[in-house]
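Engineer: below is the sequence, then the predicted model.
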Amino acid sequence: MLVGRDTPTTCSAISMIAGLPQVQILAILIDSERLSIARRLRNLKKNVRREGWSYLYFWLREFLLDFLESLSSRQISRGDVFETLRQSFPGRAFTLGQFEKLNHIPVLEVGNLNGLLAAETLRKLEVDLGIVLGTRILKRSTFSIPRMGCINLHKGKVPEYRGMPPGFWELYDGRSSAGVTVHFVDDGLDTGDIVGEDSVLIRPKDSPRTLRRKLDQKGNELLVRCVLDLAKGQAVRRPQPATSHKTRTSPTRHQQEELEKGLGLSSVTQEQWIRMLKTFFYLTIFYTGFFHVVRGLRKILPKSRGCILLYHRVNDLADDVLTVSPQRFTEHLLTLKKYYTVIPSSVIAEKVRLGEKLPDHSVAIHFDDCYRDVYTQASPILVQLKVPASAFVSSGFVGTERIFQHDADKYPIRMENLRPEDLSGLTKRGFEIGSHTVNHVDLGQCGDEEAYRELVQSKHDLETILARPVLMFSFPFGRKNNIREKVPELVRQAGYQTMFSAHGGYVTGSSDPFNLCRMGVSEVHRPLDLLMEIEGLSLGALKMGWKKLWPNSRSS
């Protein structure tokens, strides 16, 4: 296999192919040649000619952002993250190095894949077929060495969408679907004979990132099918049809902004500037020692404070404020293990009920709704790191194909719900289970009778499945306007001992047991962002504190 980058998507594709009984992967060749300074300058000059001198401003911004990101990533070791993932999911490889150890297949850095070392290595291996994933355009001196030649996974339909980047131009052109193609490599760019094709639908809420993820998944599945057909001698090659379409190239910044506007997305340029300034602010707080001073003061103050982090789902498919990837979730947990004491929700609830001081630097972890990846993706990582967590479940979704309204309205990918056996499995893995109503209703809008019915029925449903009491409740949507004054009393009457919100804030020993605040976190929270949120030093927390001190002040 000939690989350009070591990514989880690449590892997933290779692992799937390695699982085919008819296929033997002899080696993985990585293009490890770095761009020379001269080449970088040529690329810079080319882009300036293409987009004007303003490109230098863009280039400088990207350089500064990358530099700040590299500094912010030092909170947690990347090696520790991937090692934790490997231990959490035995048999899965998240890096090519892990794949090499797991499958005893050599991973070789050969410099330029069009160089002499790569060619000599391929000849010595005497491979039947080369599989190309995300690398430079190969020359005949490389792709012709395998007996059958090389195939390439292209995340686009050919010939209309030869070139790059995956998914962008289909969205730009207003297409209803985007394709993936496996084709043989020849002297052109994505012009070789087709071996297989497939497609994904483009939903109204798709963005370039969500579409790319769908293309990654569909492309890996197609590649496996094509490799298997080739191994069995059942593959059918067909030449690409003649076309007048030009090969696609990277979009200009104007075209990117045009697409963002058409899709109703926030400006990437604006997001990057905000991210860069925020990162600089957080790095200053952390490395000047102010962060540690604040932590020290909290420890000696008589009034303790805890933080409850609210997640919803853990997967690599979605891309919104309710989702965190397994890798980012692992980064969060390692950060929490390093700086905080993660305790069960029942401990926090009991301390609050008794008016006792919370443990120093205490944090709890919650999941809301009913997503199955809490069991399949999140719980193995939590078990591996010995971190407790709680799941608040809308019982009417358990074991069904129902879709939460917030997903139906906003997101193009369907999420699987927890099954009854998953709930039992979560308790065996140390989870505490709470209620989240039956139908995920807005308790700020429904009447008392409906609210009480939802509270009682959900408790009964979950206790029937688990054969144990369910004493905690979190209300859906979780904002202040989603709860009415009468509801906490209804929650008490239904037999619950604690109720959680989701409008931000912290828990203290003097908090109301029926209004325990939680803080939503997702993929956008890097470890550095998470630290700032928990300590109340994030921009959002500082803004909230300002409003409490000066409630009548207006933001400019």
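Structural biologist: On my side now, so go ahead. Residues are numbered from 1 along each chain as shown.

Engineer: with adjacent residues omitted, what lies nearest to the residue nearest to the spatial centre of the chain?
Structural biologist: In the chain, the residue lying closest to the centroid (Cα atoms, centre = their mean) is residue 325, at 2.8 Å. For residue 325, ignoring the flanking residues on the chain, the nearest one in space by Cβ to Cβ, 6 or more residues apart in numbering is residue 316 at 5.3 Å. Where you see a C-beta, it was placed from the backbone N, CA and C, and this is true even at glycine.

Engineer: elements contacting the longest helix anywhere in the chain?
Structural biologist: Using DSSP state H, we find that the single longest helix of the chain is helix 208-232. Packed against helix 208-232 by the contact rule (3 or more Cβ pairs under 8 Å, 6 or more residues apart in numbering; DSSP states H and E) you find helix 8-18, strand 150-154, helix 168-172, strand 177-184, strand 194-201.

Engineer: buried ones in the fourth one?
Structural biologist: Put plainly, it is strand 177-184. Across strand 177-184, burial judged by 16 or more other Cβ atoms under 10 Å covers 178-184.

Engineer: cool, the longest one as well?
Structural biologist: Neighbour-count burial for helix 8-18, with 16+ other Cβ under 10 Å as criterion, is recorded at 8-15, 17-18.

Engineer: residue 307 in helix, strand or coil?
Structural biologist: Under DSSP: H, G, I helix; E, B strand; the rest coil, residue 307 falls in the strand class.

Engineer: am I right that it is in contact with residue 359?
Structural biologist: No: Residue 307 is beyond contact range of residue 359, at 11.8 Å (criterion: Cβ atoms under 8 Å).

Engineer: for those two, indicate the residue with more neighbours.
Structural biologist: For the pair residue 307 and residue 359, the greater number of neighbours falls to residue 307 (23 against 15), based on other Cβ atoms under 10 Å.

Engineer: so residue 266 is in which element?
Structural biologist: Counting by DSSP states H and E, no helix or strand carries residue 266.

Engineer: which residues touch it?
Structural biologist: By Cβ atoms under 8 Å, 6 or more residues apart in numbering, residue 266 lies in contact with residue 260.

Engineer: so where's the stretch 451-556 of the chain uncertain?
Structural biologist: 547-556 (pLDDT under 70).

Engineer: isn't there a helix covering residue 61?
Structural biologist: Yes: judged by three-state DSSP, residue 61 forms part of a helix.

Engineer: all helices of the stretch 301-450 of the chain, in order?
Structural biologist: Ranges of helices in the stretch 301-450 of the chain, per DSSP state H, counting those that start in this stretch, are 326-339, 345-354, 373, 379-385, 405-410, 420-428, 448-466.

Engineer: er, the stretch 51-200 of the chain I mean
Structural biologist: Using DSSP H, counting those that start in this stretch, the helices assigned to the stretch 51-200 of the chain run over residues 54-72, 78-88, 96-103, 116-125, 140-143, 168-172.

Engineer: and those helices: which comes nearest residue 236?
Structural biologist: helix 140-143 (20.3 Å; Cβ to Cβ).

Engineer: give me the mean pLDDT for that closest one.
Structural biologist: The pLDDT scores in helix 140-143 average 95.

Engineer: check which residues of that helix are buried.
Structural biologist: Within helix 140-143, the residues scored as buried using 16+ other Cβ under 10 Å are 142-143.

Engineer: go through the helices of the stretch 51-200 of the chain and pick out the most buried.
Structural biologist: The highest mean neighbour count among the helices of the stretch 51-200 of the chain, using mean count of other Cβ atoms under 10 Å, belongs to helix 168-172: a mean of 20.

Engineer: what's the neighbour count on the closest residue to residue 462 other than its chain neighbours?
Structural biologist: Counting by Cβ to Cβ, 6+ apart, the nearest residue to residue 462 once its immediate chain neighbours are dropped is residue 470, at 4.6 Å. Using other Cβ under 10 Å, residue 470 is surrounded by 23 other residues.

Engineer: Provide the secondary structure category for residue 470.
Structural biologist: When the rule is three-state DSSP, residue 470 gets the label coil.

Engineer: contacting residues for it?
Structural biologist: 433-435, 459, 462-463, 496.

Engineer: could I get the residues you listed as TSV with distance to residue 191 and neighbour count?
Structural biologist: Formatted as TSV, the contacts of residue 470 follow (distance: Cβ to Cβ, whole Å; neighbours: other Cβ atoms under 10 Å):
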residue	distance to residue 191	neighbour count
433	55	22
434	57	27
435	58	30
459	62	23
462	57	24
463	62	17
496	64	24
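
Engineer: low-confidence stretches in the chain?
Structural biologist: 267-270, 409-412, 547-556.

Engineer: rerun that using 80 as the cut-off
Structural biologist: Filtered on pLDDT under 80, the chain yields the residue ranges 1, 4, 35, 265-272, 302-303, 318-319, 408-413, 478-480, 543-556.

Engineer: domain ranges for it, per the record?
Structural biologist: The chain breaks down into these domains under automatic domain parsing: 2-37+96-261, 304-526.

Engineer: that older thread, just to check, the residue nearest to the centre of the chain is in contact with residue 318?
Structural biologist: No: counting by Cβ under 8 Å, residue 325 does not reach residue 318; the two are 9.0 Å apart.

Engineer: checking residue 25 next. Helix, strand or coil?
Structural biologist: Judged by three-state DSSP, the three-state class of residue 25 is coil.

Engineer: that one: what's it in contact with?
Structural biologist: 1, 14, 17-18, 103, 105.

Engineer: list just the nearest of these to residue 47.
Structural biologist: Closest approach between those and residue 47, by Cβ to Cβ: residue 1, at 31.1 Å.

Engineer: one step back: quick one, the longest helix of the chain and strand 194-201 angle?
Structural biologist: Orientation of helix 208-232 against strand 194-201 (axes from the mean of the first three to the mean of the last three Cα atoms, to 10 degrees) gives an angle of 150 degrees.

Engineer: return whichever helix or strand comes after helix 208-232 as CSV; C-alpha atoms alone will do.
Structural biologist: For helix 208-232, the following helix or strand on the C-terminal side (DSSP H and E) is helix 253-263. The C-alpha trace of helix 253-263 is given here as CSV (Å, rounded to 0.1, in the frame of the first residue of the first chain):
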residue,chain,number,x,y,z
ARG,A,253,-10.8,32.0,-0.9
HIS,A,254,-13.6,33.8,-2.7
GLN,A,255,-15.2,30.5,-3.8
GLN,A,256,-14.9,29.2,-0.3
GLU,A,257,-16.6,32.3,1.1
GLU,A,258,-19.3,32.0,-1.6
LEU,A,259,-20.1,28.4,-0.6
GLU,A,260,-20.1,29.3,3.1
LYS,A,261,-22.6,32.1,2.4
GLY,A,262,-24.8,29.8,0.3
LEU,A,263,-24.9,27.1,2.9
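
Engineer: helices or strands up against helix 253-263?
Structural biologist: Applying 3+ Cβ pairs under 8 Å, 6+ apart, one finds that helix 253-263 contacts helix 168-172, helix 268-287.

Engineer: and of these, who's closest to residue 341?
Structural biologist: helix 268-287 (20.0 Å).

Engineer: quick one: buried residues of that closest one?
Structural biologist: Neighbour-count burial for helix 268-287, counted by 16+ other Cβ under 10 Å, picks out 275-276, 278-279, 282, 285-286.

Engineer: just those residues now: which is nearest residue 46?
Structural biologist: residue 276 (24.9 Å).

Engineer: right, and the closest one touches residue 65 too?
Structural biologist: Yes: assessed by Cβ under 8 Å, residue 276 is found in contact with residue 65 at 5.0 Å.

Engineer: no further questions, thank you.
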